[in-house]
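Enquirer: Sharing a model prediction with you, sequence too.
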Amino acid sequence: MGRLTGKVAIVTGAASGMGAAEAELFAVEGASVVATDVNPAALEKVVARIHEQGGQALALQHDVACRDSWDRVVRQTEDTFGDVTVLMNNAGIWNDTGYEDVTHEAWLQMMNVNAWGPFAGIQAVLPSMKRAGVGSIINVASMAAVNACGRFSAYTCSKGSVDAMTRAAAIDLAPFNIRVNCINPGVIRTAMVETAFPEEALVAAQRAQPLQRIGRPVDVAYMALYFASDESWFTSGTSQLVDGAMAVMGGVAPALASD
Ligand SMILES: NC(=O)c1ccc[n+]([C@@H]2O[C@H](COP(=O)([O-])OP(=O)(O)OC[C@H]3O[C@@H](n4cnc5c(N)ncnc54)[C@H](O)[C@@H]3O)[C@@H](O)[C@H]2O)c1
């Protein structure tokens, strides 16, 4: 019996990085997984890997910033696997624009995907989770939500919103036996950081971490697995750093913040 046997999980941003690792681990642990992303080609490969390992998964193209798209995903999940009991709000975008350069358009795009996206997801799965009588929602913010650093201004604001949303939703949804928790990753080696930073900056970030390593997507997926499972049934409204102890050292890697 897997740690998620009987669960029906939607994982957003599952075509890459942490979302792909979470979708695969959840399926290995027995969940029926609906993997969603704006990138259908890469998503199909993740779902094919899950099927090869004997897991249950469905790939759906989905833009988390679009409320109608959420309703379609939830409907198709219910039709295929039944009521949703786990929502992994993982999808996100990043840019390193500083205060003086953030346009209103760029701000809205960041907030739409990173903050409205998970909020809309919570709205969309609520009827399903209420019917099921149980639910676990896992948001993904960032270490940047608790330790600011230069140049990540709009991203930091969007992730602070996700962190706070977690606490608000945990209180509002507790009467329905729905738990809401948040993961705040540090520097994790995914397409997002490999595109954003030169390799030297990542090596410098690694050296700056007390644990002297860059995180792997699976490191975050294991934390998500705990929150998704009934093992965490008394845990709600929390934000958990997965960052190699970088935050307690004083924040986001200076190497990533400098030019
Ligand atoms: N990598 C890190 O160091 C790091 C650190 C802190 C937080 N995070 C957060 O972790 C989450 C996962 O990031 P990752 O590093 O795995 O990135 P990634 O770029 O590898 O994966 C993100 C996925 O989200 C998808 N996506 C983007 N916009 C979307 C949308 N509107 N709707 C649906 N899917 C969309 C992308 O297509 C991609 O597959 C993000 O929320 C990110 O902000 C990452």
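Expert: That came through, no problem. Numbering: from 1, shown residues only.

Enquirer: who's in contact with Ala169?
Expert: For Ala169, the contacting residues are 122, 137, 180, by Cβ atoms under 8 Å, 6 or more residues apart in numbering. In this view, the C-beta of every residue, glycine as well, is placed from N, C-alpha and C.

Enquirer: Dihedrals phi and psi, it?
Expert: Main-chain dihedrals, Ala169, degrees, to the nearest 10: phi -70, psi -30.

Enquirer: Most neighbours of all the contacts of Ala169, which one?
Expert: Ile137 (29 neighbours; other Cβ atoms under 10 Å).

Enquirer: partner strands of the helix or strand hosting it, parallel or antiparallel?
Expert: If you go by DSSP states H and E, Ile137 is part of strand 135-140. Sheet pairing of strand 135-140 (DSSP bridges) gives strand 86-89 (parallel), strand 178-185 (parallel).

Enquirer: Next secondary structure after the longest one?
Expert: Same thing as strand 178-185. Tracing the chain C-terminally past strand 178-185 and defining elements by DSSP H and E, one meets helix 191-196 next.

Enquirer: same check, this time on the first one
Expert: For strand 86-89, the following helix or strand on the C-terminal side (DSSP H and E) is helix 104-111.

Enquirer: just how off-centre is that next one within its chain?
Expert: Mean-position distance between helix 104-111 and its chain equals 19 Å (Cα atoms, centre = their mean, to the nearest Å).

Enquirer: which helices and strands does that helix pack with?
Expert: Applying 3 or more Cβ pairs under 8 Å, 6 or more residues apart in numbering; DSSP states H and E, one finds that helix 104-111 contacts helix 153-173.

Enquirer: For the helix it packs on, list every residue counted as buried.
Expert: For helix 153-173, the neighbour count (16 or more other Cβ atoms under 10 Å) marks 153-163, 165-167, 169-170, 173 as buried.
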